[in-house]
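>>> only the shape, not the letters, is given here:
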């Protein structure tokens, strides 16, 4: 099967134009088929304040009301997405930006209201592999923002890490799919205060050990959860590390089932 | 040749959720292949004020500085575009939003600085017919916002009427292409104060007469200029009228060369 790289970048890279340019040059140079998934960053909160849209938090998580959804649809789906696409085009990479609504790329279901009503937040229910396949066959690199839809006219805010994992799982039947979670650290660290404590390889068995021994920081748990979910869905490998991991021998945390 | 309808809507429709929903239902029901092009509206100016981005006008025309470009890329390319796409998806129309950068759909050249420097404003230089053909063949309806790019990383603000005409000209070799300019009037009027004064048909010859006799309001001239430009580029007909003209026998101004 041909190879497909799914690369997810977060706010820290997106917010820094120099870092973003360096990363995008690496992404453009990456061999083979590729999909970019990007998160948001702090601009949504900055603009919300100026526009008088209150930032609602419940249990430390942002609640997406209608005004916030409108704002982040503009920032994630327009400003950030189109800027990234234009920069990639300028680097010879034929990028095409997608929200989940575009071509019905990614459908989601409104997160059920239990203890917390997160508002317009969606959990991915379906990835349109025919659309992704068609674009990839034309050597187009989809650039996905973290917005999905319900197929009935409603957009949703959706976690970008989860979107990347779901695209990976859906495409794993067609491609040797590798998922890269790029962020500000070199990978999963044994000790956040020790830059030399990178854990180079995690398997399902070693993950259990790490959890039992309380070695992994709480902030990493969702990424690792998504990683194993993706691996169980058919991916060959998930990498967690710096943006440099996609293009050279920079060490990162490689996650495999066994 | 198969038929292709290119429909352009402006701010007055987009800003009114009820009008927008009615129009989009008509667009979704329109037979055959179709492309939607949308303008912006007043939200950009409203948000610019709240965000402290000064609106710069020169000779009555908006100047697009970097902050304004960022803002409209968010509003046109994100907020409005994704909302329209999601609503169309909910109506069974497989829409996919595009800025000019996406898949290199529409390239432009920065408007040369003569008497006025319009800033980041681009004039269309190339439409990627292969991309539009590929989407249309998959029964996907492109939804284009009025943002283009230069292929070297720079986005531009571009007039939506012109984008619609340029897409029409580019696609006329592949399709029997009709362009519909939808706006708040019934069409080109002999007398703006008389709703019964619709001009039902304009040809190149009758246009000259109308100009000589000073019958056409100044605000209509750019649309008519774009219309004849599109007709000379191979389109069969351009319609100017209300949004209802696309789906029933509502009268409108039909423009043809002869």
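Received it, and whenever you're ready, just let me know what you need. What you are looking at is a predicted structure, and each value in this text was computed from that prediction instead of being measured.
>>> can you give me the pLDDT of the spatially closest residue to residue A:149 that is not a sequence neighbour?
Of all residues not flanking residue A:149 in the chain, residue A:101 sits nearest, at 3.9 Å (Cβ to Cβ, 6 or more residues apart in numbering or on different chains). Every residue, glycine included, has its C-beta placed from N, CA and C. With respect to pLDDT, residue A:101 scores 98.
>>> repeat that for residue A:45.
Residue A:45 is given a pLDDT of 86.
>>> in space, what's closest to it - neighbours in sequence excluded?
Closest to residue A:45 by Cβ to Cβ, 6+ apart is residue A:55, at 5.7 Å.
>>> now the residue of the stretch 51-200 of chain A found nearest chain B. Nearest residue, chain neighbours left out?
Nearest residue of the stretch 51-200 of chain A to chain B, counting by Cβ to the nearest Cβ: residue A:78, 2.1 Å away. Nearest residue to residue A:78, sequence neighbours excluded (Cβ to Cβ, 6+ apart): residue B:78, at 2.1 Å.
>>> so that neighbour sits against residue A:83, correct?
No - if you go by Cβ atoms under 8 Å, residue B:78 and residue A:83 don't touch, sitting 10.8 Å apart.
>>> so those two - more neighbours on which side?
residue B:78 (31 against 25; other Cβ atoms under 10 Å in any protein chain shown).
>>> OK, contacts around that one?
Shown in contact with residue B:78 (Cβ atoms under 8 Å, 6 or more residues apart in numbering or on different chains): A:73, A:74, A:75, A:76, A:77, A:78, A:79, A:81, A:82.
>>> try residue A:165
Contacts of residue A:165 (Cβ under 8 Å, 6+ apart): A:179, A:226, A:227, A:229, A:230, A:233.
>>> quick one: name the residues of the stretch 151-258 of chain A near chain B.
A:151, A:152, A:153, A:154, A:155 (Cβ under 8 Å from any Cβ of the partner chain).
>>> just those: which are in strands?
Here DSSP state E is the test, and these give residue A:155 as lying in strands.
>>> want to throw the residues of the stretch 151-258 of chain A next to chain B into CSV with pLDDT and neighbour count?
Shown next, in CSV, are these (pLDDT from 0 to 100; neighbours: other Cβ atoms under 10 Å in any protein chain shown):
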residue, pLDDT, neighbour count
A:151, 98, 18
A:152, 98, 11
A:153, 98, 17
A:154, 98, 19
A:155, 98, 28
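>>> sorry, back to before: separation between the residue nearest to residue A:149 and residue B:132?
19 Å (Cβ to Cβ, to the nearest Å).
>>> quick one, helices of the stretch 101-250 of chain A?
In the stretch 101-250 of chain A, the helices defined using DSSP state H, counting those that start in this stretch lie at A:129-137, A:160-171, A:204-212, A:221-232.
>>> tabulate those helices (JSON lines), appending mean pLDDT.
Below are the helices of the stretch 101-250 of chain A laid out as JSON lines (pLDDT from 0 to 100):
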{"stretch": "helix A:129-137", "mean pLDDT": "97"}
{"stretch": "helix A:160-171", "mean pLDDT": "98"}
{"stretch": "helix A:204-212", "mean pLDDT": "95"}
{"stretch": "helix A:221-232", "mean pLDDT": "96"}
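>>> which of the contacts of residue B:78 sits closest to residue B:139?
Residue B:139 has its nearest neighbour among the contacts of residue B:78 in residue A:77, at 22.9 Å by Cβ to Cβ.
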